[in-house]
Structure formats: C-alpha cells, structure tokens
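>>> Turn this into a structure:
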Amino acid sequence: MAHSEGERRGELGRGELGRRVRVAIVHHWFVTRGGGERVAECIASLFPEAEIFTLVADAPGIPDGLRGRRLHTSFLQRIPLAKNYHRHMMPLYPMATEGLDLRGFDLVISSDSGPVKGVRVDAGAVHICYCHSPMRYLHDGYEAYRAQMGAVTRMVFSATAGWVRAWDVRAAQRVSYFIANSKYVADRIRRCYGRESVVIHPPIDLDRARMAVPGEHYLCAGRLVGYKRTELMVEACSRLGRRLRIAGTGPEEARLKRLAGGADVRFLGEMTTEALWQEYAACRALLFAADEDFGMVPLEAQACGRPVIAYGAGGSLETVRGLGVAADGATGIYFAEQTVESVMDGILRFEAAEAAGMFDAAVARRWAEGFATPVFLRKLREFVLEKMPEAAGAMVPVAAETT
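Next up, the predicted model:
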C-alpha cells in the first residue's frame with residue numbers, strides 16, 4: 001500500500017490564487033465499513049487527487065470509492081493480527097498517528113473518532129477535523145468501557161488511558177478547525193477539548209433508497225457491539241411476541257443469539273449494501289436503542305419511508321422527528337430509558353400511533369432528503385473554501401441537490 005516519496009509528491013492542482021495545493025485525507029482505520037467510512041469516502045470524492053492515510057486497513061473495509069486511490073498506512077499495519085485487534089493497540093495510537101508522513105501537504109482533512117486528529121502537519125498547513133466523536137472510551141465513556149473489559153485488558157487500559165487521554169486533548173489543540181457530525185458531538189468537543197465546531201451532518205446515500213410494502217417484523221441494523229444495546233430490542237420483542245430481524249455482525253452476536261433463545265428473532269449476518277437497503281424498506285419499523293453520536297441507520301430507514309422507534313437521547317434527537325415533538329410530521333417515536341420495559345413501551349405506543357395513521361412514509365422520506373449526500377458535499381465544500389480559498393482548484397463541483 002505504501003508509495004514512494006516521489007509518487008506522493010505529485011502535483012494535485014492549483015487553486016484560485018495560483019499556488020499549488022496538495023491535499024491529504026486521514027481516517028482512523030479502514031477495517032469494517034460503517035458511517036465513518038462512508039463519510040471518508042464522500043470527503044475523498046470532493047478531492048479526486050488527494051492521498052489517503054490511515055492507521056490500519058483491511059481490503060473489505062475500504063469503501064469502493066477509495067479503491068485505486070493512493071492509500072498509506074502506519075507501522076501498525078505491519079504488526080501481526082493488527083487488522084483484527086487494532087482497538088487493543090491504544091497505547092500505540094499516538095506514535096502511529098504522529099508517524100504518518102504528511103510533509104508537503106497544504107490541506108489535511110481528518111475523518112476521526114479516534115486519534116488521527118493528532119497528525120503532524122507542516123507549519124502553515126490547514127488541518128480540518130471532521131469529528132464523528134471524541135474517543136468515548138477515553139473521555140465520558142471511560143468507566144463503562146472499562147467495566148466491560150477482561151482482567152488483563154482492563155489492567156493495561158487503566159495503566160495507559162490517562163496519558164493517551166492527555167495526548168488526545170493536546171493533539172486536538174493542533175487542529176485548525178473542527179467540524180462536528182451533530183450538535184450532540186459539538187457539545188462533546190467543547191467539553192472534552194475546549195474547542196468550538198460547526199455542525200455538518202453526515203451524508204445519506206438516497207440513491208440506494210427504495211419504497212416497499214412493509215412487513216410485520218421489526219428491524220435492528222448495525223454493528224453488534226455493547227453500546228448499541230441490541231439486547232434490549234431482542235428481549236423486548238421476545239416478551240411482546242414480535243418478530244425481529246437483526247442485520248449485522250460483531251462481538252455481541254453469540255451472546256445475543258443465546259439471549260434470543262426460541263424467540264422469533266432472525267440474525268441476518270453481514271449483508272451487502274443492496275440487501276440492507278431492502279431490509280430497511282421491508283420492515284414495519286426500525287428499532288434503535290443506542291446513545292449514538294449521530295446515527296446514520298435511522299436516517300437510512302427513514303429514506304425508505306420507514307418510521308423509527310429510538311432511544312430519545314444523543315444523535316437520535318437530531319435524526320428522528322419524534323411523535324409529540326415534531327410540529328409538522330413525525331417520523332418516529334422516542335422511548336425514555338435504555339431498559340427492556342421502556343423499549344416495550346415505545347413499541348406499544350408506536351403500534352397505537354401507527355393504527356391511528358400518524359406516520360406517513362412520504363414525510364419520512366422528505367425528512368431524510370435533508371441529509372442527502374449533495375447537501376453534505378455542498379456544505380463541506382463551502383466550509384473548506386471559506387477557510388482556504390486557494391483549495392478551489394483541488395475540488396470538483398458538487399452535483400445538484402435532490403431536495
């Protein structure tokens with residue numbers, strides 16, 4: 001994946017002011033595909049000659065739009081099993097991040113929920129960090145993550161988290177400008193780093209959205225990790241006798257299958273993008289119990305006209321128009337607590353509202369259109385040009401918006 005210094009120093013283009021502008025895009029890692037990788041792919045689409053940097057990459061985790069691009073990795077890539085255990089290498093993150101060679105680049109855009117906001121750039125270079133989230137396991141989620149670890153992992157984590165956290169805060173001060181993916185994350189950037197940010201919501205790929213006759217089952221979608229709280233939806237549907245389909249894989253999968261037992265719960269595993277969007281269109285409603293920084297899955301379901309039953313906290317307050325909260329058309333309903341009983345209450349209230357005709361697929365679709373990819377690209381392009389006008393020559397035009 002590495003390229004020679006001569007190859008890396010090829011000319012990117014010239015901006016409005018006539019000076020040469022070279023662009024690098026940095027993402028924490030490309031190991032699995034999710035919302036963060038989608039954002040990195042969209043940022044790169046604005047800068048077709050930009051070079052891509054990451055700590056660790058695995059072929060299945062590289063978005064289609066980045067295949068064939070110049071991709072550089074850190075020394076972590078050479079460590080055996082790094083692709084599978086990159087999250088256990090936290091003590092090495094600062095060294096790996098600062099070791100990425102970004103000399104000669106005028107504009108660096110990092111897509112980050114990890115350490116890569118801390119990359120070293122040339123004096124006078126502009127570094128824009130699109131922050132998906134400050135690292136939860138180092139900041140406001142420290143105790144919760146620590147409690148879930150095994151004895152050995154907990155011991156290493158406890159011994160090293162303090163100085164990595166301090167490095168992360170110092171590294172954030174080197175960023176020229178922050179962009180937050182939600183108001184919720186903007187508040188967390190302010191608390192964790194003492195930095196202000198502008199909000200540009202992540203892009204939803206409306207080209208993949210479709211409408212279908214919904215079924216009788218509910219859907220959960222996303223990585224099966226602890227903070228998603230998928231077990232709440234499994235148990236709630238089991239108690240209510242509702243059908244549930246779960247799209248995605250992750251370390252929680254085996255435990256969730258045991259919890260489901262004989263309930264009408266089907267695990268769909270890792271799905272193609274096309275199959276996942278079909279699942280959105282065919283479900284009765286999406287269940288979403290995470291305290292998420294933003295959450296693209298609820299918007300993807302709404303793009304297919306399906307309502308969302310969501311935990312009323314975090315990014316869901318920005319992505320779902322809750323019944324009784326939205327003045328001009330609800331797209332879902334909130335439940336108040338991350339408990340099985342609260343999820344059950346949310347499902348029952350949703351079903352009553354659904355029977356009363358209070359959800360309209362066209363309303364959900366129109367709401368999701370406000371988060372379409374062209375909207376994201378236009379806002380990002382305007383922000384970059386405001387901060388660095390000479391970068392205009394490095395960017396492509398943005399397609400017309402669909403809204």
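>>> which regions of the stretch 201-350 of the chain lie under the pLDDT threshold?
Within the stretch 201-350 of the chain, the segments meeting pLDDT under 70 span 326-327.
>>> Let me see the ranges of the strands in it.
Assigned by DSSP state E, counting those that start in this stretch, the strands in the stretch 201-350 of the chain fall at 218-221, 244-247, 265-269, 285-288, 308-311, 332-335.
>>> counting contacts, what elements does the third one pack onto?
The one in question is strand 265-269. For strand 265-269, the elements it packs on are helix 230-240, strand 244-247, helix 253-260, judged by 3 or more C-beta pairs under 8 Å, 6 or more residues apart in numbering; DSSP states H and E. Just so you know, the C-beta spots here come from the backbone N, C-alpha and C atoms, and that holds for glycine as well.
>>> what's the closest of the strands of the stretch 201-350 of the chain to residue 159?
Closest to residue 159 of the strands of the stretch 201-350 of the chain, according to C-beta to C-beta: strand 308-311, at 33.1 Å.
>>> And that closest one, what's buried?
308, 309, 310, 311 (16 or more other C-beta atoms under 10 Å).
>>> how far out from the middle of the chain is it?
Remark: strand 308-311 is offset 18 Å from the chain centroid, using C-alpha atoms, centre = their mean, to the nearest Å.
>>> Just name whatever secondary elements it is in contact with.
strand 285-288, helix 296-303, helix 316-319, strand 332-335, helix 340-355.
>>> can you list contacts of the third one?
I take that to be helix 316-319. By C-beta atoms under 8 Å, 6 or more residues apart in numbering, the surrounding residues in contact with helix 316-319 are 182-184, 201, 288, 292, 294-295, 298-299, 302, 308, 310, 334, 371.
>>> want to throw the strands of the stretch 201-350 of the chain into a markdown table with distance to residue 36?
Shown next, in a markdown table, are those (distance: least, C-beta to C-beta, whole Å):
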| stretch | distance to residue 36 |
| --- | --- |
| strand 218-221 | 16 |
| strand 244-247 | 18 |
| strand 265-269 | 21 |
| strand 285-288 | 18 |
| strand 308-311 | 20 |
| strand 332-335 | 23 |
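>>> wait, residue 384 sits on residue 130?
No. Contact criterion C-beta atoms under 8 Å: residue 384 and residue 130 do not qualify, at 10.7 Å.
>>> Give me the common contacts of the two.
Common neighbours of residue 384 and residue 130, counting by C-beta under 8 Å, 6+ apart, are residue 109.
>>> can you list the domain ranges for this structure.
Split into domains by automatic domain parsing, the chain comes to 5-203+372-394, 207-369.
>>> quick one: which of the strands of the stretch 201-350 of the chain is nearest residue 139?
strand 308-311 (20.2 Å).
>>> Who does the closest one pair with, and is each partner parallel or antiparallel?
strand 285-288 (parallel), strand 332-335 (parallel) (DSSP bridges).
>>> Could I get the helices and strands packed on strand 265-269 in JSON lines, plus columns for mean neighbour count and distance to residue 347?
Below are those laid out as JSON lines (neighbours: other C-beta atoms under 10 Å; distance: least, C-beta to C-beta, whole Å):
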{"stretch": "helix 230-240", "mean neighbour count": "22", "distance to residue 347": "6"}
{"stretch": "strand 244-247", "mean neighbour count": "22", "distance to residue 347": "10"}
{"stretch": "helix 253-260", "mean neighbour count": "14", "distance to residue 347": "16"}
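>>> got those as JSON lines, with distance to residue 191 columns?
Converted to JSON lines, the helices and strands packed on strand 265-269 look like this (distance: least, C-beta to C-beta, whole Å):
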{"stretch": "helix 230-240", "distance to residue 191": "27"}
{"stretch": "strand 244-247", "distance to residue 191": "33"}
{"stretch": "helix 253-260", "distance to residue 191": "32"}
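>>> closest one to residue 267 among these?
Nearest of those (C-beta to C-beta): strand 244-247, 5.1 Å.
>>> Sheet partners, orientation included, of that closest one?
Checking strand 244-247 against DSSP bridges gives partners strand 218-221 (parallel), strand 265-269 (parallel).
>>> ok, now how distant is residue 176 from residue 124?
Residue 176 sits 10 Å away from residue 124, going by C-beta to C-beta, to the nearest Å.
>>> got it, and residue 154?
As judged by C-beta to C-beta, residue 154 and residue 124 stand 43 Å apart.
>>> Among those two, which residue is more densely surrounded?
Taking neighbours as other C-beta atoms under 10 Å, residue 154 and residue 124 compare with residue 154 leading, 14 against 6.
>>> wait, isn't the more buried one in contact with residue 146?
Yes. If you go by C-beta under 8 Å, residue 154 and residue 146 touch, sitting 5.9 Å apart.
>>> follow-up on the earlier one: now for the strands paired with strand 308-311, which one comes closest to residue 208?
Among the strands paired with strand 308-311, strand 285-288 sits nearest to residue 208 (C-beta to C-beta), with 15.5 Å.
>>> quick one: contacts of the closest one?
Taking C-beta under 8 Å, 6+ apart as the rule, strand 285-288 contacts 218-221, 233, 236-237, 244, 280, 295, 297-298, 301, 306-311, 316, 320, 332, 343, 347, 350, 354.
>>> Can you add mean neighbour count and give the helices and strands packed on strand 308-311 back as JSON lines?
Conversion of the helices and strands packed on strand 308-311 to JSON lines gives the following (neighbours: other C-beta atoms under 10 Å):
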{"stretch": "strand 285-288", "mean neighbour count": "28"}
{"stretch": "helix 296-303", "mean neighbour count": "28"}
{"stretch": "helix 316-319", "mean neighbour count": "22"}
{"stretch": "strand 332-335", "mean neighbour count": "26"}
{"stretch": "helix 340-355", "mean neighbour count": "18"}
